[in-house]
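Peer 1: One predicted model, sequence on top.
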Amino acid sequence: MLSALLDRLPKTATAPFCPAEVRGAVPVPDGLPTWKRMLRTAGPGLLVSVGYMDPGNWATDIEAGSRYGTSLLFVVVLSSLAAILLQTLSMRLGLVTGKDLARMSRERFGPWTVKAQWVLAELAIIACDIAEVLGSALAFKLLLGVPLWAGVLLTGLDTVIVLGLKGKGFRQLEAIILGLISTVGICFLVQLIIVPPDAGAVARGLVPSLAALQQGNALYLAIGILGATIMPHNLYLHSSIVQTRLTPEDVAGKRAAIRLATIDTVVALVLALFINAAILVLAASAFHGNGLREVAGIEEAHELLAPITGAAVAGILFGIALFASGQSATFTGTIAGQVILEGFLNLSIPCWQRRLITRGLAIIPALIGVLTLGDHAVGSLLVLTQVVLSAQLPFAIWPLLRFTDDKALMGPFANGLVTRLVAWGLFLVISAANVWLVVSTFA
């Protein structure tokens, strides 16, 4: 199916997949039928959606589902809706200005502010990569039986995969990501068939409830879900990779491009929403529903799945999905690192070097954590990475809203009154929630 889709795509996208080398690599001319333009536009949303289903999300969703059943499902939905709004604004900034969020910050803010933003963004990428290292290492342990520390070292081999993609088109990368995401989705669909959820409980969990947030540490977990869902570096990433589409530069052309890219973004993030919801619902059905309400780790969840479901394949599918999740996030993390480095500092290095540096900086703390704290510390390390991501999030949202509100910059595509009110209200809620999360974690 993927090869058939690729045959329909333009053959001009043959540049290496680093963002600076693929500006306008996929033409989307006006004369094509709408469905063909939609096919050519689709892709950037998929790459962005990967960050919303990485191992960090797994950790928060599994704990929330096992402890509180489906009562926090509405948090996953609301967090995903917030992500859709912010990613839509990021996409619009890139299409209208032809510049990504990092580059726009470099041009509009002072050098010290820009350097501070760059450091925070790099910390977010490293924190996210640590989660991917731990998640992939766990997948190696679950599927191959290797020690966790050996699994951490094996994750360094993904640099070889990045090297193998050198010279491949952006469309090929998007097809690989589609395959990995599909793998994750299918694995969880099969597991939900094996462990069918309570439809009534799922429906009740979709209704926002302040009472649900007052259970134990439910508020802490809810904020963790929020931080894990809205990845700060994805805002930089989306504003860049959306420019891989070559669209007309007039107002009508930009309006059409924004409309198609919005569909791409919404569809991809709704898919991510379903996968995140599936993780939480699976944990609620398999663990909470069977009285196991202290399952807080990915490895523990894997070990309990087979005995509870009576199907060994459930545990295998869980491990495969975890591996696919970590690997898909690897690719987008590499591209996001390139975007941030080029945008903030106007520096460019080969993708494989960027991958090697980022993965090296992630492997070292992950390995130290596993060796000194033991395998049981993976869950707490994953939560810590989400705290770091949460702390950085307001520093990416603030400039995004400033720029997209600016009529002199965005022209007729500047945020309207309703969008401004909702977006800035969201910024205040996220900022307050993240401050509470950081303070409560380190208090």
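Peer 2: Noted; the coordinates are in hand.

Peer 1: just the helices in the stretch 1-150 of the chain please.
Peer 2: 2-7, 34-41, 44-49, 55-68, 73-97, 101-108, 111-144, 148-154 (DSSP state H, counting those that start in this stretch).

Peer 1: mind putting those helices in JSON lines, mean neighbour count, distance to Thr262 and mean pLDDT included?
Peer 2: Glycine gets a C-beta too; all of them are placed from N, C-alpha and C. Formatted as JSON lines, the helices of the stretch 1-150 of the chain follow (neighbours: other CB atoms under 10 Å; distance: least, CB to CB, whole Å; pLDDT from 0 to 100):
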{"stretch": "helix 2-7", "mean neighbour count": "11", "distance to Thr262": "21", "mean pLDDT": "39"}
{"stretch": "helix 34-41", "mean neighbour count": "16", "distance to Thr262": "10", "mean pLDDT": "73"}
{"stretch": "helix 44-49", "mean neighbour count": "27", "distance to Thr262": "9", "mean pLDDT": "81"}
{"stretch": "helix 55-68", "mean neighbour count": "28", "distance to Thr262": "23", "mean pLDDT": "78"}
{"stretch": "helix 73-97", "mean neighbour count": "23", "distance to Thr262": "6", "mean pLDDT": "91"}
{"stretch": "helix 101-108", "mean neighbour count": "22", "distance to Thr262": "17", "mean pLDDT": "92"}
{"stretch": "helix 111-144", "mean neighbour count": "22", "distance to Thr262": "25", "mean pLDDT": "84"}
{"stretch": "helix 148-154", "mean neighbour count": "19", "distance to Thr262": "39", "mean pLDDT": "81"}
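
Peer 1: so which of those gets nearest Thr265?
Peer 2: helix 44-49 (4.3 Å; CB to CB).

Peer 1: so what does that closest one touch, helix or strand wise?
Peer 2: Counting by 3 or more CB pairs under 8 Å, 6 or more residues apart in numbering; DSSP states H and E, the packing neighbours recorded for helix 44-49 are helix 73-97, helix 170-194, helix 232-241, helix 251-286, helix 312-345.

Peer 1: Go through these and pick out the most buried.
Peer 2: Stretch with highest mean neighbour count among the helices and strands packed on helix 44-49: helix 232-241 (a mean of 29; mean count of other CB atoms under 10 Å).

Peer 1: quick one: the following helix or strand past that one to chain centroid distance?
Peer 2: From helix 232-241 onward toward the C-terminus, using DSSP states H and E, the following helix or strand is strand 245-246. Relative to its chain's centre, strand 245-246 lies at 23 Å (CA atoms, centre = their mean, to the nearest Å).

Peer 1: Strand 245-246: partners in the sheet, and parallel or antiparallel?
Peer 2: According to DSSP bridges, strand 245-246 forms sheet pairs with strand 26-27 (parallel).

Peer 1: what mean pLDDT does the strand it pairs with have?
Peer 2: Averaging pLDDT along strand 26-27 yields 66.

Peer 1: quick one on the thing from earlier: possible to save the helices of the stretch 1-150 of the chain as a markdown table with distance to Leu347?
Peer 2: Formatted as a markdown table, the helices of the stretch 1-150 of the chain follow (distance: least, CB to CB, whole Å):
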| stretch | distance to Leu347 |
| --- | --- |
| helix 2-7 | 32 |
| helix 34-41 | 30 |
| helix 44-49 | 22 |
| helix 55-68 | 28 |
| helix 73-97 | 20 |
| helix 101-108 | 11 |
| helix 111-144 | 10 |
| helix 148-154 | 29 |
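
Peer 1: These: which one's closest to Leu428?
Peer 2: Checked against CB to CB, the stretch from these lying closest is helix 73-97, at 12.1 Å.

Peer 1: now that closest one against helix 251-286, angle please.
Peer 2: Orientation check (axes from the mean of the first three to the mean of the last three CA atoms, to 10 degrees): helix 73-97 against helix 251-286 gives 160 degrees.

Peer 1: Would you mind listing where the stretch 151-300 of the chain has pLDDT under the threshold?
Peer 2: By pLDDT under 70, the low-scoring segments of the stretch 151-300 of the chain are 158-171, 227-228, 291-300.

Peer 1: rewinding a little: among the helices and strands packed on helix 44-49, which is nearest Lys141?
Peer 2: Comparing the helices and strands packed on helix 44-49 by CB to CB, helix 312-345 comes nearest, at 8.7 Å.

Peer 1: And the helices of the stretch 1-150 of the chain: which comes nearest Ile320?
Peer 2: helix 111-144 (7.1 Å).

Peer 1: ok, Ile223 touching Val387?
Peer 2: No - taking contacts as CB atoms under 8 Å, Ile223 lies outside contact range of Val387: 9.4 Å.

Peer 1: When the two are compared, which one has more neighbours?
Peer 2: Ranked by neighbour count (other CB atoms under 10 Å), Ile223 and Val387 place Ile223 first, with 27 against 20.

Peer 1: Could you say which helix or strand holds that one?
Peer 2: Per DSSP H and E, Ile223 falls inside helix 218-229.

Peer 1: How about Ile397?
Peer 2: Counting by DSSP H and E, Ile397 is part of helix 378-405.

Peer 1: by how many degrees do that helix and helix 101-108 diverge?
Peer 2: Using the same axes, to 10 degrees: helix 378-405 against helix 101-108 is 50 degrees.

Peer 1: same question for stretch 390-403, mean pLDDT?
Peer 2: Average pLDDT, stretch 390-403: 88.

Peer 1: Counting neighbours, which bits of that stretch end up buried?
Peer 2: For stretch 390-403, the neighbour count (16 or more other CB atoms under 10 Å) marks 390-397, 399-401, 403 as buried.

Peer 1: Mind putting the residues you listed into CSV with distance to Leu347?
Peer 2: Formatted as CSV, the buried residues of stretch 390-403 follow (distance: CB to CB, whole Å):
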residue, distance to Leu347
Ser390, 27
Ala391, 25
Gln392, 20
Leu393, 24
Pro394, 25
Phe395, 20
Ala396, 19
Ile397, 24
Pro399, 20
Leu400, 22
Leu401, 27
Phe403, 22
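
Peer 1: Which residue comes closest to His233 once chain neighbours are left out?
Peer 2: Of all residues not flanking His233 in the chain, Ala336 sits nearest, at 4.4 Å (CB to CB, 6 or more residues apart in numbering).

Peer 1: what's that neighbour in contact with, if anything?
Peer 2: 125, 233-234, 236-237 (CB atoms under 8 Å, 6 or more residues apart in numbering).

Peer 1: go with 6 Å
Peer 2: By CB atoms under 6 Å, 6 or more residues apart in numbering, the contact list for Ala336 reads 125, 233, 237.

Peer 1: out of those, who's nearest Pro33?
Peer 2: Out of the contacts of Ala336, the member with the shortest distance to Pro33 (by CB to CB) is Leu237, at 29.3 Å.
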